[in-house]
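> Fold the following for me, if possible:
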Amino acid sequence: MPGEASVPGATPVTASGGSPATAPVTVLGLGMMGSALAAALLGAGHHVTVWNRSPAKAGPLAARGAVPAATPADAVAASPLLVVCLLADDAVREVLDGLGDAVAGKTVVNLTNGTPAQARELSAVTAERGGRYLDGGIMAVPQMIAGPDAYVLYSGDEGAYATHRATLAAFGGTRWTGTDPGRAALYDLALLTGMYGMLLGVLQAFALVRTEGIQAEEFSDLLVPWVGAMLADVPVMGRAVDTGRHRTDVSSLAVNQAAFPNFTATFRDQGVSPELFEPFQALLDRAIDEGHAADGLSRLTDLLGPRN
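Numbers count the residues shown, from 1 in each chain. Predicted coordinates:
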């Protein structure tokens, strides 16, 4: 299982005194991910109390030794560490509002996918009620939890992180991103943005080759190493974004603008929707209009948002 790590640009934290293996933990929310988190804690030897709006979901975990709670308040009373994994942060806020001051003296670890703004709001609400707040971004699917490739990004209360890191390591690697409660969510969504962008290209490629009867799985044998080779250039693009030095002798925006109509034309000729790719053509056109013809693709980052 991966150990302690920090995200670039963040301050590393060293755990002091960690939690004992039998420390009690409460898990609120037993969807696929919440159930995987609770199972990981049980596997690590913790006394686990669980609650879910639909009580039946607690059955399999109860069979393994978890203690079902009838209400969120009962679940919170059982442990100093509360792991929350619900469908959305709106549901987390609803639960916290119902708990009121019951979170006083507790540490709330919110592993629900949400926005940086929501994380900061939940942190403030928890602090007002006397609790400590950690936000987390789970970089894994439920089946990966407690495995060698799973890790969770954390931000918020630094002391709470140091105190409970040993317990949280039951889920996988722990990676600290900083004291801003919204930082873990920002990293989480940025990493997922890269993943979804890649997968959208993969799905578009599958749609294209299928028009000629080529099996998508067969085509994967070519696609996987090609995409992997292209990803090797990501750090170079990142350096260009950071330094503002976008000039390239590899593949300029002018070259890409000239070539890109071939994609959308082929999609239309083959009966494939070009809707995923058309916005990229518009972005290339804008970059050329603004005088960036000789720059590399990294220049598009500046066009997409504010430059730091």
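> could you say which helix or strand contains M198?
M198 is part of helix 183-210 when elements are defined by DSSP states H and E.
> Give me the buried positions along that helix.
Buried residues in helix 183-210, counted by 16 or more other CB atoms under 10 Å: 183-188, 202, 204-209. All C-beta atoms are positioned from the backbone trio N, CA, C, and that covers glycine.
> Mind checking the pLDDT average for that helix?
On average, the pLDDT along helix 183-210 is 97.
> returning to what we had before: could I get the buried residues of helix 183-210 as CSV with distance to N52?
Below are these laid out as CSV (distance: CB to CB, whole Å):
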residue, distance to N52
R183, 29
A184, 24
A185, 23
L186, 28
Y187, 28
D188, 23
V202, 34
Q204, 38
A205, 40
F206, 37
A207, 38
L208, 43
V209, 43
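> Tell me where the model's unsure across the chain.
By pLDDT under 70, the low-scoring segments of the chain are 1-21, 307-308.
> hang on, the earlier thing: quick check: of the buried residues of helix 183-210, which lies closest to I138?
Taking CB to CB as the measure, I138 lies nearest D188 of the buried residues of helix 183-210, at 7.7 Å.
> Hmm, that closest one is touching Y151, no?
No - assessed by CB atoms under 8 Å, D188 is found out of contact with Y151, at 11.0 Å.
> those strands in the stretch 51-200 of the chain, which residues are they?
Using DSSP state E, counting those that start in this stretch, the strands of the stretch 51-200 of the chain run over 67-68, 81-84, 107-110, 132-139, 151-156, 173-178.
> Which one, of these, ends up nearest to A38?
With CB to CB as the measure, strand 81-84 is the member of the strands of the stretch 51-200 of the chain nearest A38 (8.0 Å).
> If you count contacts, what does that closest one end up packed against?
strand 25-28, helix 32-43, strand 107-110 (3 or more CB pairs under 8 Å, 6 or more residues apart in numbering; DSSP states H and E).
> And the second one, what's buried?
Pointing back at helix 32-43 there. For helix 32-43, the buried set under the neighbour-count rule, 16+ other CB under 10 Å, comprises 33-42.
> Kindly report the same for the last one.
With burial defined by 16+ other CB under 10 Å, the residues of strand 107-110 counted as buried are 107-110.
> Which of those residues sits closest to A162?
Using CB to CB, T107 is the member of the buried residues of strand 107-110 that sits closest to A162, with 11.1 Å.
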